[in-house]
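J.: Based on what follows, work out the 3D shape:
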Amino acid sequence: MTDLHVRKMRFAFADYDVPFLWNERNPAFSSMANAVSFLAIGFEKMIVNMIREAMPRITDPEVAAEADAFVRQEGQHSTAHRQHVNGLIRRYPRLRETLDEVIGEFDSLTVNTSLDYRLAYTADLEATFTPVFKLMLDNDASLFAPGDDRVASLFIWHFVEEVEHRSSALIIFDSIVGSDVYRMRMAPSIFRHVMKVIRIACVGFNAHVPLADRQVDALSMFAMHRHRRRLGRFIPPLRVPDNGAMPRAFTELPLREQLVALGGIVRSQMPKHNPEHENLPDLADLWFRRYDEGYDVTLWYTAELADSK
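T.: Below you'll find the predicted structure:
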C-alpha cells in the first residue's frame, strides 16, 4: 500500500488578481492548465461521492485506509483548484457558467452511471497521470517557472501528489471490481468524456475571456480543431470561428520525452498495469523533501527570495 499524506495548502489566490495568462511565455499551456483546474473540481467531487458509495463494498481494511487517504488528498486538491478558479471568475464572471457546466457533467456521471463505471473511470484516468505529469514536471523550467508562482505551485503540488497516490485508484478498483477487461472496455467512453469536459472549459474560455487576455484559441489543444481551422481556409463548410492563434502547449518540449509519455499513457491502460513500476519525476522527490524540511512549497520558485527580503 502507498503511504499517503494529506497536506493542506493555501495559495493566496484571494490576495491579488489571478491572471488567465499566468505563463506569458506559453499561452497555450496557460490555457490548458486552467482547463485542468476546471476539470479537477468536477472530477474530484465525483471521486468524493464515489468513495463514500464504495466504502461498504471494501472488505480489506488496508484498502479502506488507502481509499480514505486518497479521497482526503483529492478533497484538498479540489479546494485549492476552487480557489484558483474563483480567482478567474472574479475577473471573468461568466466563467461561473462554464464551471457549473463542467461540474454538471460529473454530477451526471454520479447519478446516471454505475459505481463500477466510475471506479473504472477514476482508475483509467489516474493511471495516465504519472507519465503525463512526469513530462510536465521534467520540463518545469519552461512550463511552470516563468509563470505566476501561486498557479505554478498549485499545479506542481497537485501533480507530485498524483504521483504519490498513483496506485490508489487501481487498488480500489481491483478490490471492488477486479476486471482488467471491464476497465479496458470502458476506456474509450471514459476518455471521450474527459475530452468533452475539457472542450466545455475551452469553449467557455473562448466565449468569456477576451483574446487579449488569453492570446490563443483555447481549443487549439485539440488536434482536430487545428486541422479544421486549416482546412476551413480552403473549404468554407468546414470553417470554424477564428478565436486566435493555435500554438501547441508542448512545442518546445523534447519530442522524445513526449513520445515516452505517450507510450506511458498507452501502457497505463493495459492489463495488469502496476503504477508502482513507473519512472517518476525527480522533482517529486525534491518537492517531498523540501516540504518535510519546512520550505514554503506554495511559493515554489520565489519562497527563498521572499525570505531574503
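J.: make it CA atoms for all contacts and neighbour counts henceforth
T.: Noted.
J.: mind listing what's buried in stretch 284-293?
T.: Buried residues in stretch 284-293, counted by 16 or more other C-alpha atoms under 10 Å: 284, 287-288.
J.: and of those, the nearest to Asp68?
T.: Distance to Asp68 across the buried residues of stretch 284-293 (C-alpha to C-alpha) is lowest for Phe288, with 20.6 Å.
J.: And the host helix or strand of Gly204, what does it pack against?
T.: In this assignment (DSSP states H and E), Gly204 forms part of helix 180-208. With contacts taken as 3 or more C-alpha pairs under 8 Å, 6 or more residues apart in numbering; DSSP states H and E, helix 180-208 sits against helix 27-54, helix 95-112, helix 115-138.
J.: can you put the ones you listed in TSV and add mean pLDDT and distance to Phe173?
T.: Shown next, in TSV, are these (pLDDT from 0 to 100; distance: least, C-alpha to C-alpha, whole Å):
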stretch	mean pLDDT	distance to Phe173
helix 27-54	97	10
helix 95-112	98	16
helix 115-138	97	6
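J.: got those helices as CSV, with distance to Cys202 and mean neighbour count columns?
T.: Formatted as CSV, the helices and strands packed on helix 180-208 follow (distance: least, C-alpha to C-alpha, whole Å; neighbours: other C-alpha atoms under 10 Å):
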stretch, distance to Cys202, mean neighbour count
helix 27-54, 7, 21
helix 95-112, 9, 17
helix 115-138, 19, 22
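J.: For the chain, give the helix that spans the most residues.
T.: helix 61-91 (DSSP state H).
J.: what residues are up against the residue nearest to Glu257 when sequence neighbours are not counted?
T.: Closest residue in space to Glu257, ignoring its immediate chain neighbours: Leu135 at 6.6 Å, by C-alpha to C-alpha, 6 or more residues apart in numbering. Residues in contact with Leu135 (C-alpha atoms under 8 Å, 6 or more residues apart in numbering) are 257-258, 261, 281.
J.: Against Leu283, how distant is Leu135?
T.: Separation of Leu135 from Leu283 (C-alpha to C-alpha, to the nearest Å) stands at 11 Å.
J.: go on, Thr59?
T.: Taken as C-alpha to C-alpha, the span from Thr59 to Leu283 is 35 Å.
J.: now the helices and strands packed on helix 180-208 in a markdown table, with distance to Glu164?
T.: Shown next, in a markdown table, are the helices and strands packed on helix 180-208 (distance: least, C-alpha to C-alpha, whole Å):
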| stretch | distance to Glu164 |
| --- | --- |
| helix 27-54 | 16 |
| helix 95-112 | 24 |
| helix 115-138 | 9 |
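J.: hmm, back to that, buried residues in the longest helix of the chain, which are they?
T.: 63-64, 66-89.
J.: One more: stretch 187-198?
T.: Those would be 187, 190, 193-194, 197-198, for stretch 187-198 by 16+ other C-alpha under 10 Å.
J.: In these, find the pair that's most separated.
T.: Ala187 and Ile198 (16.6 Å).
J.: residues contacting the residue most central in space within the chain?
T.: A centroid search over the chain (C-alpha atoms, centre = their mean) returns Val36, at 4.3 Å, as the residue closest to the centre. By C-alpha under 8 Å, 6+ apart, the contact set of Val36 is Ile198.
J.: Sort out for me which of the buried residues of stretch 284-293 are in helices.
T.: 284, 287-288.
J.: Next up, phi/psi of the spatially closest residue to Asn26 that is not a sequence neighbour, please.
T.: Of all residues not flanking Asn26 in the chain, Ala249 sits nearest, at 6.7 Å (C-alpha to C-alpha, 6+ apart). The phi/psi pair for Ala249 (degrees, to the nearest 10) reads phi -70, psi -30.
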